[in-house]
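J.: Build me a model from this:
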Amino acid sequence: MTGPSGVGLGETIVLVAAASAALPRLRRRIELSLAKPRSLAGHARIASWIAAQVPFYEFREPYCFQADNAPAPVAAQRRAGFERLAARYAARFARTAAETARTAGALPDWQLTSRYRVPFPFAGLIRNAFPAAVLASASQGCELIDLDGNRLLDLTGSYGVNVFGYEHYKECIARGAARVHELGPVLGTYHPLIADNVARLQEISGHGQVSFHMSGTEAVMQAVRLARYHTRRRYLVRFGGAYHGWWGEVQPGPGNPVPARDTLTLREMHPATLRVLRSRSDIACVLVNPLQALHPNAPAPADSTLTGSVRRAHFDRAAYAEWLHALREVCTQRGIPLIFDEVFVGFRLARGGAQEYFGVRADLVTYGKTIAGGLPIGVVCGRADLMRRFSAERPADLCLARGTFNSHPYVMGAMNEFLRRLDSPFVAGCYRDLDRTWQTRAAALNERLKDAGLNARVAALSSIWTVWYPRPSRYNWMLQYYLRTAGLALSWVGTGRLIFSLNYGEAEFAEVSDRFVAAAQQMQADGWWWEGVADERAIKARLLKEMLVARLRRHSSGRSALRATDTAALGDRA
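T.: Residues are numbered from 1 along each chain as shown. Predicted coordinates for the structure are as follows:
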């Protein structure tokens, strides 16, 4: 029997069945696409391909001072300001920079961070004029002291380790080492202090099981492995831009040479993501870094990618708490372990970390950085059923996670000192009115910047700040060098992340504010924030044209430097 179109009944049934089978897969694919970030963060393969196509090129004079098509007088103003600033920088950091350069050739980590402090076309110019000076001989209070004797107000936060001030950690390390000295570096046998550490972490985290590791990255790796082991599911869900360490599964896209095939990068604070979580049965865990509350779906801000004014940051505590509650509800309904990565924010937002701060209990929590009193550490706290590393019914089915230096006696000693001090009057004073203190300080600095007509503002998640720029400019990244020369210590990401320790008093913060405003005023006086720039779209268009010119020049002559004659065809707008 055939139908009107000549297709047999059997064939029709097969086609209908195939279409019916394909529809759920199609619907699932559409749901996943809608839940991905609008940026390339949710499309790792495309992002990696695009990154591989970006040609290297660098600017030469005079174009490096007028990449926004500024007129000649403005370019001359910038050049003069640049030379004055470089001279002050060289005089201030002469010995520190020289000693840094002497060791740099053997340190790949330094080579990377040195190369990516500013957008790459300007990097050669900057490295020559402002060589990295990353050595320090001492710390005291809120200051770092370098080899030239400069006392720099510290805004690096030691990558988040320094929550309570360096003297606090010096004491934790010294007293902790004294308490375990008789045992020494014995591994595999625990020091008795581990029992008190476990008890205190159980109380802080609200979970009954604790495991110790050697870094925050390792702690996150173990939490995800445990979730997959117990759920027997495949996919890890993370959110666009979030950082969870450098291992492959949580770093899809550029920076990872191997595709992360079992990771889904979804859009934070969006209902489409909740729909995906509700509809799929193959999700092993949801991984949240609460630091993303400051810039949801965007990567950690760094001056190396500050090609215009696209950096935006804003913290809404109530909105992010609402999102976490929604995640918690869906994960509970679907039996998906919810993991809080508190390696960075743990103990900085509150004594009980992000769980306490946002009022949401995760199934697994990772800690690191500050929790061992300044020594290397990673910790996982979680529900007993998720932390178990073996199956009672399947004795050969294990979930291994071992490390030679896990639970090192000296780490346990410094950790015990740190955890005990959480109940001290000093720490209680640091936590008192914490949010109000730092939001008030951020608002006051923003008011000064606005009143002075300066193109910089700060956004704050408690003591974690980022600088953003209201007006488009190709030179916003220059602010970091004015700040450094003014005596503010910044990490290699520049103005992307300012991390204050909680021992900053009003006098110390007032000094930071004064230096910040003075540096921004000098940058403006030197012409870097010329107001003739059209808009962000014009900057992006110019960038694309530069890349095209660079590729053509490289193919035709092998040169990587762009000069004014090369860019004559770029148009007359920035």
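J.: isn't residue 409 right up against residue 180?
T.: Yes. Assessed by CB atoms under 8 Å, residue 409 is found in contact with residue 180 at 4.2 Å. Just so you know, the C-beta spots here come from the backbone N, C-alpha and C atoms, and that holds for glycine as well.
J.: pLDDT score assigned to residue 26?
T.: Looking at residue 26, its pLDDT reads 81.
J.: how many neighbours does it have?
T.: Using other CB atoms under 10 Å, residue 26 is surrounded by 10 other residues.
J.: Relative to residue 334, how far out is it?
T.: Relative to residue 334, residue 26 is positioned 22 Å away (CB to CB, to the nearest Å).
J.: Can you show me the strands along the stretch 51-200 of the chain?
T.: For the stretch 51-200 of the chain, applying DSSP state E, counting those that start in this stretch gives strands covering 58-59, 136-140, 143-146, 151-154.
J.: Enumerate the positions of stretch 508-526 that are buried.
T.: Buried residues in stretch 508-526, counted by 16 or more other CB atoms under 10 Å: 508-509, 512, 515-517, 519-520, 522-524, 526.
J.: Now the two most distant members of those.
T.: The largest distance within the buried residues of stretch 508-526, taken as CB to CB, falls between 508 and 526 and amounts to 27.4 Å.
J.: what helix or strand is the nearest residue to residue 466 once chain neighbours are set aside on?
T.: Using CB to CB, 6 or more residues apart in numbering and skipping residues adjacent in sequence, the residue nearest residue 466 is residue 313, 4.6 Å away. Assessed by DSSP states H and E, residue 313 sits outside every helix and strand.
J.: thinking residue 313 is in contact with residue 459, fair?
T.: Yes. If you go by CB under 8 Å, residue 313 and residue 459 touch, sitting 3.7 Å apart.
J.: Find residues that contact each of these two.
T.: Counting by CB atoms under 8 Å, 6 or more residues apart in numbering, the contacts common to residue 313 and residue 459 are 294, 466, 468.
J.: What residues are bridge-paired with the second one?
T.: Think residue 466. Residue 466 forms beta bridges with residue 459, as assigned by DSSP bridges.
J.: Counting neighbours, what do you get for it?
T.: Per other CB under 10 Å, the neighbour tally for residue 466 reads 25.
J.: switch to numbering from 31
T.: Let's use 31 as the start, then, which means that last one is residue 496.
J.: residue contacts, it?
T.: Contact partners of residue 496, counting by CB under 8 Å, 6+ apart, are 324-325, 331, 341, 343, 488-489, 525-528.
J.: And residue 512, by the same measure?
T.: So residue 512 contacts 115, 549-550, 552-553 (CB under 8 Å, 6+ apart).
J.: Check the spacing between residue 348 and residue 376 real quick.
T.: Distance, residue 348 to residue 376, using CB to CB: 21 Å.
J.: Neighbour count for these two, which is higher?
T.: Set side by side, residue 348 and residue 376 show more neighbours around residue 376, with 29 against 8, by other CB under 10 Å.
J.: pLDDT score for the nearest residue to that one once chain neighbours are set aside?
T.: Counting by CB to CB, 6+ apart, the nearest residue to residue 376 once its immediate chain neighbours are dropped is residue 383, at 4.1 Å. For residue 383, the model assigns a pLDDT of 96.
J.: Then residue 458?
T.: pLDDT recorded at residue 458 is 95.
J.: can you check residue 586 too?
T.: For residue 586, the predicted pLDDT is 66.
J.: mind listing what's buried in stretch 230-243?
T.: Residues of stretch 230-243 classed as buried by neighbour count (16+ other CB under 10 Å): 230-231, 234-235, 237, 239-243.
J.: Dump these to a markdown table, plus pLDDT, distance to residue 311 and secondary structure.
T.: Output for those, formatted as a markdown table (pLDDT from 0 to 100; distance: CB to CB, whole Å; DSSP: H, G, I helix; E, B strand; the rest coil):
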| residue | pLDDT | distance to residue 311 | secondary structure |
| --- | --- | --- | --- |
| 230 | 98 | 38 | helix |
| 231 | 98 | 33 | helix |
| 234 | 97 | 33 | helix |
| 235 | 97 | 28 | helix |
| 237 | 97 | 26 | coil |
| 239 | 97 | 26 | strand |
| 240 | 97 | 30 | strand |
| 241 | 97 | 28 | strand |
| 242 | 97 | 33 | strand |
| 243 | 96 | 30 | strand |
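J.: my read: residue 386 touches residue 377, true?
T.: No. Assessed by CB under 8 Å, residue 386 is found out of contact with residue 377, at 10.2 Å.
J.: For these two, indicate the residue with more neighbours.
T.: Between residue 386 and residue 377, counted using other CB under 10 Å, the more crowded position is residue 377 (24 against 15).
J.: List the contacts of residue 550.
T.: By CB under 8 Å, 6+ apart, the residues touching residue 550 are 479, 482, 484-486, 509, 512.
J.: which regions of the protein lie under the pLDDT threshold?
T.: Residue ranges of the chain with pLDDT under 70: 31-53, 585-604.
J.: Walk me through the domains of it.
T.: With domains defined by automatic domain parsing, the chain comprises 88-193+463-555, 222-326+345-460.
J.: just so I know, which of those lies nearest residue 73?
T.: Among the domains of the chain, domain 222-326+345-460 comes nearest to residue 73, with 8.0 Å by CB to CB.
J.: what sits against residue 84?
T.: For residue 84, the contact set (CB under 8 Å, 6+ apart) comprises residue 577.
J.: Try it again at 10 Å.
T.: Taking CB atoms under 10 Å, 6 or more residues apart in numbering, we find residue 84 in contact with 150, 284, 573, 577, 580-581.
J.: quick one: which of the residues you listed has the most company?
T.: residue 580 leads these on contacts (other CB under 10 Å) with 22 neighbours.
J.: can you give me how far the helix or strand encompassing that residue is from the chain middle?
T.: Per DSSP H and E: residue 580 is located in helix 566-587. Offset of helix 566-587 from its chain centre (CA atoms, centre = their mean, to the nearest Å): 29 Å.
J.: With stretch 502-519 instead?
T.: A distance of 19 Å separates the centroid of the chain from that of stretch 502-519, by CA atoms, centre = their mean.
J.: Settle it for me: which of residue 439 and residue 210 has more neighbours?
T.: More crowded of residue 439 and residue 210, by other CB under 10 Å: residue 439, with 24 against 21.
J.: got the contact list for the more buried one?
T.: Neighbouring residues of residue 439 by CB under 10 Å, 6+ apart: 206-207, 209-217, 219-224.
J.: redo that, cut-off 6 Å
T.: By CB atoms under 6 Å, 6 or more residues apart in numbering, the contact set of residue 439 is 210, 213, 221.
J.: how about the buried residues of stretch 230-243 in CSV, adding distance to residue 250?
T.: Listed next are the buried residues of stretch 230-243 as CSV, based on distance: CB to CB, whole Å:
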residue, distance to residue 250
230, 21
231, 17
234, 18
235, 15
237, 16
239, 16
240, 15
241, 12
242, 14
243, 9
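J.: with those in mind, which one is nearest to residue 138?
T.: Closest to residue 138, out of all of the buried residues of stretch 230-243 and judged by CB to CB, is residue 243, at 23.9 Å.
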